[in-house]
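In: pasting a predicted model and its sequence here:
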Amino acid sequence: MFRRTFWFTAGAAAGVWATAKVNRKLKQLTPESLAAQAADKAIETGHRLKDFALDVREGMARREAELGGALGLEAPVDQDLPVQRHRAVEAGGPPARPAYRTLPSNSNNRNEDH
């Protein structure tokens with residue numbers, strides 16, 4: 001009698017455990033749950049891409065500093081050297097506009113759009 005009770009209880013417990021596991025898996029496969037999982041993965045991927053971009057930017061800045069130091073670009077400016085200026089600044093004003101040919105306003109050409 002004790003054996004039957006033991007096996008009956010073990011079978012009932014296994015049935016409850018299996019039913020709970022199947023129900024949990026079915027809830028994970030609902031459209032709402034799948035959408036939430038996809039959104040979570042997309043957010044996680046966005047964070048990883050942002051971290052990667054920040055790492056790349058930091059590496060670029062470090063490398064630029066190394067190259068600037070190796071090439072002497074960070075050296076103090078010699079005051080005896082002349083300052084380079086842009087041509088428009090030296091001319092004293094904005095550059096002159098080039099003259100373009102204009103069409104007559106009373107054109108009789110009906111094919112002007114083609």
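Out: Right, received. Where do you want to start?

In: when you work out contacts or count neighbours from here on, use the C-alpha atoms and nothing else.
Out: Will do.

In: residue contacts, residue 3?
Out: Residues in contact with residue 3 (C-alpha atoms under 8 Å, 6 or more residues apart in numbering): none are found.

In: ok, now how distant is it from residue 39?
Out: For residue 3, the distance to residue 39 equals 51 Å [C-alpha to C-alpha, to the nearest Å].

In: could you do residue 67 as well?
Out: Distance from residue 67 to residue 39, by C-alpha to C-alpha: 42 Å.

In: what do you get for residue 64?
Out: As judged by C-alpha to C-alpha, residue 64 and residue 39 stand 37 Å apart.

In: before we move on, what about residue 12?
Out: From residue 12 to residue 39 the distance is 38 Å (C-alpha to C-alpha).

In: ditto for residue 21
Out: In terms of C-alpha to C-alpha, residue 21 sits 24 Å off from residue 39.

In: how about residue 56?
Out: Residue 56 is 26 Å from residue 39, by C-alpha to C-alpha.

In: just give me the longest helix of this protein.
Out: helix 31-71 (DSSP state H).

In: would you mind checking the average pLDDT for stretch 13-30?
Out: When pLDDT is averaged over stretch 13-30, the result is 93.

In: over to stretch 63-76?
Out: pLDDT averaged over stretch 63-76 gives 82.

In: put the alpha carbons of it into CSV.
Out: Extracted in CSV, the C-alpha atoms of stretch 63-76 (Å, rounded to 0.1, in the frame of the first residue of the first chain):
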residue,chain,number,x,y,z
ARG,A,63,45.9,57.8,-31.8
GLU,A,64,45.6,61.5,-33.0
ALA,A,65,47.4,62.6,-29.8
GLU,A,66,50.1,60.0,-30.5
LEU,A,67,50.5,61.2,-34.1
GLY,A,68,50.4,64.8,-33.1
GLY,A,69,53.2,64.2,-30.6
ALA,A,70,55.3,62.2,-33.1
LEU,A,71,54.9,64.9,-35.8
GLY,A,72,55.4,67.8,-33.5
LEU,A,73,52.0,69.3,-34.1
GLU,A,74,51.5,70.0,-30.5
ALA,A,75,54.7,72.1,-30.3
PRO,A,76,54.3,75.7,-29.3
